[in-house]
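Engineer: Please find the sequence and the predicted model below.
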Amino acid sequence: MAILNLAEYREQIRDFILTEGEAFARQIETEKRVPDALLKRLRELGLLRLTYPREYGGEGLKLQEYLPMLEECAKSHGTIRILVHGVNTMWRPLSYARKALKDRWLTALAAGEVIPAFALTEPDTGTGADVGTVAVRGGDTYYLTGKKHLITFADIADVFTVVACTDRSKGGAGISAFLVERNTPGFTITLMPEMMGMKGSEHGILEFRDAPVPAENLIGQEGEGLSIVLRGFLDQSRAAIAQSCVGIAQRSLELATDFAKQRVTFGKPIAERQAIQMMLAEMATAIHAGRLMVMDAARRFDAGLPIAKEAAMAKFFCLEMVGQVTDRALRIFGGRGLTMAYPIERLYRDARALWFEEGTAEIQKTVIAREVLYGRP
């Protein structure tokens, strides 16, 4: 069913997140897995098809229309947020694929019947032209050999976009992207140790040993992998992660504000104390600035303009912002905030995972500096 009113739909998402979402959050924290009932509800609410093209059953939302929805999803458990973000973002490299490959997968992805994962990061290399995984062509098949790690949805993903080197002599121009199915021979998945946050969102190590991938599963052309990954995926994903920071920070501010009004010391609520008011004012200002930066990048993207610099700026700023806001919110709660009785404890942990999704703050600053020095103004 198509979304008729974005404002009303956003309210529907907010209601879901703060009621059912919190119930799912408690279940995820206990069971350390994605409940089947959660995936079912996300499908029913249309949250897994927001950005997909309408021709494949999606809602076709523009980035500036989608990001406010993601902000609401970020206000509860990190695994709910990353499911919505991942499924609505990881399909984008496929938009560069041959029509037959798109027709085979995009409708199923938009329906939430297939879960995608993105495999770029490696344990022994960076995440660019030095990628260590190789793909050697033999007839109508590529054979992949190498290792990826920290791959989100490793436990439940059905298909993986895998970045591999097809010609080492060409540097970045020798990197290609492939769609690899989970049951491919020579492809094994090992789950990694449990993380401090994002419980239920399993990360894994992917190993390829001459894993055969049909040549028709090449996304785009040979050598286009980095371009597809950077411009077709990472820029929008970085903007989405920045908006996720805004959502976590906004919820943390709301919780801290409510607690400050209720917590009484020496005969009056701590909200009346200037030290607390200063913290709340700083938190609100930083959140507002971050939200404006993200939406500026989204508007540029929807207008067909490059956003490498703007997305990196937004993510860098919002990473710092969500760290400061959740830290101050926890301080307002005091020792109670460290207990699992309050959502702020979970939000504080989940916020830290955002520092590493799609590149650290240092990576974002490298992108920004490159654009400032050698790119557009």
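Structural biologist: Perfect, thanks for sending it. A quick note: this is a predicted structure, and the numbers were derived from the prediction, not measured. Numbering: from 1, shown residues only.
Engineer: contacts, neighbours, all on C-alpha from now
Structural biologist: OK.
Engineer: would Val136 count as being in a strand?
Structural biologist: Yes - using DSSP: H, G, I helix; E, B strand; the rest coil, the assignment for Val136 is a strand.
Engineer: Is it in contact with Tyr143, as I believe?
Structural biologist: Yes - with contact defined as Cα atoms under 8 Å, Val136 and Tyr143 form a contacting pair (5.2 Å).
Engineer: now the stretch 51-200 of the chain, which segments are flagged as low pLDDT?
Structural biologist: Low-confidence segments of the stretch 51-200 of the chain, defined by pLDDT under 70: 127.
Engineer: Please repeat the previous calculation with a cut-off of 90.
Structural biologist: 90, 95, 112, 124-130, 153, 168-173, 193-200 (pLDDT under 90).
Engineer: Do a quick rundown of the strands in it.
Structural biologist: With DSSP state E, counting those that start in this stretch as the criterion, the stretch 51-200 of the chain has strands at 116-119, 134-138, 141-152, 159-165, 175-181, 187-191.
Engineer: Got the phi and psi for Ala111?
Structural biologist: Backbone torsions of Ala111, given as degrees, to the nearest 10, read phi -80, psi -10.
Engineer: right, and it touches Thr51 too?
Structural biologist: No - judged on Cα under 8 Å, Ala111 makes no contact with Thr51 at a distance of 11.8 Å.
Engineer: Tell me which of the strands of the stretch 51-200 of the chain lies nearest to Glu282.
Structural biologist: Ranking the strands of the stretch 51-200 of the chain by proximity to Glu282 (Cα to Cα) places strand 141-152 first, at 33.0 Å.
Engineer: sorry, back to before: overlap in contacts of Ala111 and Thr51?
Structural biologist: Gly58 (Cα atoms under 8 Å, 6 or more residues apart in numbering).
Engineer: Those two: which is more packed in?
Structural biologist: Under the criterion of other Cα atoms under 10 Å, the comparison of Ala111 against Thr51 puts Thr51 first, with 23 against 19.
Engineer: So for Pro212, which of the strands of the stretch 51-200 of the chain sits nearest?
Structural biologist: strand 141-152 (4.6 Å).
Engineer: Mind giving me the packing neighbours of the closest one?
Structural biologist: strand 116-119, strand 134-138, strand 203-214 (3 or more Cα pairs under 8 Å, 6 or more residues apart in numbering; DSSP states H and E).
Engineer: Out of the ones you listed, which gets nearest to Thr366?
Structural biologist: Within those, the stretch nearest Thr366 is strand 116-119; the backing value is 21.7 Å (Cα to Cα).
Engineer: How far does that closest one sit from its chain's centre?
Structural biologist: The chain centre lies 11 Å from the centre of strand 116-119; the measure is Cα atoms, centre = their mean, to the nearest Å.
Engineer: With stretch 239-254 instead?
Structural biologist: 12 Å.
Engineer: Begin at 705 from now on, thanks
Structural biologist: Shifting the count to begin at 705 puts that one at stretch 943-958.
Engineer: Residues touching stretch 964-972, excluding its own?
Structural biologist: With contacts defined as Cα under 8 Å, 6+ apart, stretch 964-972 is touched by Pro973, Ile974, Ala975, Glu976, Ile980, Ile1036, Phe1037.
Engineer: hmm, which two among these are most spread apart?
Structural biologist: The most widely separated members of the contacts of stretch 964-972, counting by Cα to Cα, are Glu976 and Phe1037 (14.7 Å).
Engineer: Of the two, give the one with the bigger neighbour count.
Structural biologist: Between Glu976 and Phe1037, counting by other Cα under 10 Å, Phe1037 is the more crowded of the two (19 against 12).
Engineer: tell me which residues of the helix or strand harbouring that one are tucked away?
Structural biologist: Per DSSP states H and E: Phe1037 is located in helix 1012-1037. The neighbour-count check on helix 1012-1037 (16 or more other Cα atoms under 10 Å) flags 1012-1023, 1025-1030, 1032-1037 as buried.
Engineer: next SSE after it?
Structural biologist: Next helix or strand after helix 1012-1037 toward the C-terminus (DSSP H and E): helix 1047-1057.
Engineer: Now do that next one: which elements does it pack against?
Structural biologist: Packing partners of helix 1047-1057 (3+ Cα pairs under 8 Å, 6+ apart): helix 782-793, helix 939-966, helix 1012-1037.
Engineer: May I see these organised as TSV, with distance to Cys869 added?
Structural biologist: Output for the helices and strands packed on helix 1047-1057, formatted as TSV (distance: least, Cα to Cα, whole Å):
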stretch	distance to Cys869
helix 782-793	23
helix 939-966	21
helix 1012-1037	23
